[in-house]
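Colleague: just need the structure, nothing else, for what follows:
(one chain, ligands or ions: 1)
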Amino acid sequence: MTDDRNEARAARSRELWTAARQLLPGGVSSPVRAFKAVGGTPRFIDRAKGPYVTDVDGIRYVDYVAAWGPAILGHAHPAVVEAIQEQAGLGTAYGTPTEVELALAERIVAAFPSIERVRFVNSGTEATMSALRLARAFTRRDKIVKFAGCYHGHADSLLVEAGSGVLTLGLPGSPGVTAGAAADTWVLPYNDEAAVEELFARHGEEIAAVIVEPIAGNMGVVPASRDFLQALRRLTREAGALLIFDEVITGFRVAYGGAQTLLGIEPDLTCLGKIIGGGLPVGAYGGRAEIMELLAPAGPVYQAGTLSGNPLAMRAGLATLEVLAQPGVYERLERQAARLAEGLEAEAKAQGIPYCVQRVGSMWTGFFHPGPLRNLDDVKASDIDFYARYFHGMLREGVYLPPSAFEAAFVSLAHTDHEIAFTVEAHARALRRARQAAGA
Ligand code: HOZ
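Modeller: Okay, here's the model as predicted:
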């Protein structure tokens, strides 16, 4: 599965990987980095600039992981670096309200018509778990509905048929999650309106919230159909349940105002993360004032955090959104990503390899399967062994893709025509090598 030449070049990464496994569980601070699904040695990155990351062996890669989403401007964008440096000199956290958190909140409220109030937290997981608590308090109901293959972070009630690392590692759920926590979560197939209709017909009055990625990114990119999202909006409204959009990946990624603006569907609550922190740890959730004002200290629903809204992350996020608000940014992301997707698909077709790129704006996944893929079962039917060989072929060529067939990849503003052409050429060679290794 791995490539010997590649492994030989990664001498320092291999040394560090041996040490890491003695210090960190599985050698990592988050499972999806560990190359478990593709084999071989994770690359230890020590520098990144623009569309490139460089590892400790000095090998440079065109990067499509983008820190799993935040690096939409490319790495170490001068405006973000300057903001962080300036703020670092003024102190990184005060545990007080700050003016900069208001500035970021104002930008978010202006970008998302469904958000009147926003609460900053430190990760997407905190955002989703807190939004669910709030939804339960608001509706005075317990049950939540999620969709197989969506992720929503690692809070107990959401680690049921989850995507991302849970899917990559083939875990049915997680030990340590109580039967009670799992029992309050109903899981349905993504993009299946009939299943949702049926559940609401029988149990609508018990449901506090439906949480969904409006464009799934955690099983690879799988867009929801408009009909599906409209059905969720209608059914939740009729039943007095809340609709929560997990826009941790899609927020400020597929459009400035996220998937909800692109699709014209307003949820009750929205969860954000990644891009709004400009590469520093951040999450946020927001929605209508009547719901959000239930949060302490305005209301009784408790949720807190020492570093929540810290000025360092707020400044980095604000600098990022200021760049994203400039004219032509999303058009450029669309153009570059479309060029990439067309190139990748054309080459696979020329080589007779079943392959499709699923993409919305600059988030994309290349699946080794004919498209379209609409749900977790479709995604699981893609050829993950081929992906692993191909992944290592791309690594050898100098292209860093997600080390899992079930994750989104990202084009940044820093990806020029040069990197796109380089990637398509690398792809052609990596496909050939993967086919040869498969004996095709
Ligand atoms: N949502 C990201 C992966 N789909 C998170 C990255 C991580 O889990 O480390």
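
Colleague: okay, CA-based contacts and neighbour counts for the rest of this
Modeller: Noted.

Colleague: spatially nearest residue to the residue nearest the centre of the chain, not counting backbone neighbours?
Modeller: Geometric centre of the chain, nearest residue: Ile249, 3.7 Å, by CA atoms, centre = their mean. In space, and not counting its chain neighbours, Ile249 is closest to Gly69: 6.2 Å by CA to CA, 6 or more residues apart in numbering.

Colleague: Gly251 now?
Modeller: In this structure, Gly251 finds its nearest non-sequential neighbour in Gly258, 4.1 Å apart by CA to CA, 6+ apart.

Colleague: could you pull out the helices in the stretch 51-200 of the chain for me?
Modeller: 78-90, 99-111, 124-139, 164-168, 179-183, 193-203 (DSSP state H, counting those that start in this stretch).

Colleague: of those helices, which approaches Glu331 most closely?
Modeller: Set against Glu331 and scored by CA to CA, the helices of the stretch 51-200 of the chain come closest in helix 99-111, at 17.0 Å.

Colleague: which parts of that closest one are buried?
Modeller: Neighbour counts over helix 99-111 (16 or more other CA atoms under 10 Å) mark 100-101, 104-105, 107-109, 111 as buried.

Colleague: so which of these is the closest to the ligand?
Modeller: Ile108 (20.3 Å; CA to the nearest ligand atom).

Colleague: from Gln87, how far off is that closest one?
Modeller: Distance, Ile108 to Gln87, by CA to CA, to the nearest Å: 20 Å.

Colleague: point out where the stretch 1-150 of the chain drops to low pLDDT.
Modeller: 1-3 (pLDDT under 70).

Colleague: around the ligand, which positions in the stretch 301-440 of the chain sit nearby?
Modeller: Proximity of the stretch 301-440 of the chain to the ligand (CA under 6 Å from any ligand atom) is limited to residues Glu407.

Colleague: do you have the strands of the stretch 301-440 of the chain handy? List them.
Modeller: Using DSSP state E, counting those that start in this stretch, the strands assigned to the stretch 301-440 of the chain run over residues 356-360, 363-367, 399-400, 409-410.

Colleague: just give the number of residues close to the residue of the stretch 1-150 of the chain found nearest the ligand.
Modeller: Nearest to the ligand, among the residues of the stretch 1-150 of the chain, is Ser30, at 4.6 Å (CA to the nearest ligand atom). By the measure other CA atoms under 10 Å, the count of residues near Ser30 is 11.

Colleague: picking that back up, would you turn the buried residues of helix 99-111 into CSV with distance to Pro281?
Modeller: Below are the buried residues of helix 99-111 laid out as CSV (distance: CA to CA, whole Å):
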residue, distance to Pro281
Val100, 16
Glu101, 14
Leu104, 14
Ala105, 16
Arg107, 18
Ile108, 17
Val109, 20
Ala111, 21
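
Colleague: from those residues, which is closest to Gly278?
Modeller: Nearest member of those to Gly278, counting by CA to CA, is Leu104, at 11.4 Å.

Colleague: tally of neighbours for the spatially closest residue to the closest one that is not a sequence neighbour?
Modeller: In space, and not counting its chain neighbours, Leu104 is closest to Leu318: 5.5 Å by CA to CA, 6+ apart. When neighbours are defined as other CA under 10 Å, Leu318 has 26 of them.

Colleague: for the closest residue to Arg288 other than its chain neighbours, give me the backbone phi and psi.
Modeller: Excluding its sequence neighbours, the residue lying closest to Arg288 (CA to CA, 6+ apart) is Glu116, at 5.1 Å. With angles defined as degrees, to the nearest 10, Glu116 sits at phi -100, psi -30.

Colleague: any chance of the strands of the stretch 301-440 of the chain in CSV, plus mean pLDDT and mean neighbour count?
Modeller: Output for these, formatted as CSV (pLDDT from 0 to 100; neighbours: other CA atoms under 10 Å):
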stretch, mean pLDDT, mean neighbour count
strand 356-360, 98, 22
strand 363-367, 98, 25
strand 399-400, 98, 24
strand 409-410, 98, 26
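
Colleague: nearest to the ligand: which residue in the stretch 201-350 of the chain?
Modeller: Asn218 (4.6 Å).

Colleague: residues in contact with the closest residue in space to that residue that isn't next to it in sequence?
Modeller: Closest residue to Asn218 apart from its sequence neighbours, by CA to CA, 6+ apart: Ser164 at 4.6 Å. Ser164 sits next to 32, 149-151, 218-219, 406-407 when contact means CA atoms under 8 Å, 6 or more residues apart in numbering.

Colleague: residue contacts, Gly309?
Modeller: By CA under 8 Å, 6+ apart, the neighbours of Gly309 are 101, 120-122, 282.

Colleague: 7 Å - rerun?
Modeller: Applying CA atoms under 7 Å, 6 or more residues apart in numbering to Gly309 gives the contacts 101, 120-121.

Colleague: tell me how far stretch 107-114 lies from the chain's centre.
Modeller: Once both centres are worked out by CA atoms, centre = their mean, to the nearest Å, stretch 107-114 turns out to sit 20 Å from its chain's centre.

Colleague: turn the helices of the stretch 51-200 of the chain into TSV, columns for distance to Gly366.
Modeller: Listed next are the helices of the stretch 51-200 of the chain as TSV, based on distance: least, CA to CA, whole Å:
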stretch	distance to Gly366
helix 78-90	30
helix 99-111	30
helix 124-139	24
helix 164-168	15
helix 179-183	32
helix 193-203	26
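
Colleague: give me every residue in the stretch 1-150 of the chain lying close to the ligand.
Modeller: 30, 32, 68.

Colleague: in a markdown table: the strands of the stretch 301-440 of the chain, plus distance to Asp417.
Modeller: Putting the strands of the stretch 301-440 of the chain into a markdown table (distance: least, CA to CA, whole Å) gives the following:
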| stretch | distance to Asp417 |
| --- | --- |
| strand 356-360 | 18 |
| strand 363-367 | 17 |
| strand 399-400 | 15 |
| strand 409-410 | 15 |
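
Colleague: Gly305: neighbour count?
Modeller: Using other CA under 10 Å, Gly305 has 12 other residues around it.

Colleague: which element is Ala48 on?
Modeller: strand 45-49 (DSSP states H and E).

Colleague: adjacent strands (with direction) for that strand?
Modeller: strand 52-55 (antiparallel) (DSSP bridges).

Colleague: contacts only, for the residue of the stretch 301-440 of the chain found nearest the ligand.
Modeller: Here the residue of the stretch 301-440 of the chain nearest the ligand is Glu407; by CA to the nearest ligand atom that distance is 5.6 Å. Counting by CA under 7 Å, 6+ apart, Glu407 touches 164, 217-220, 365.
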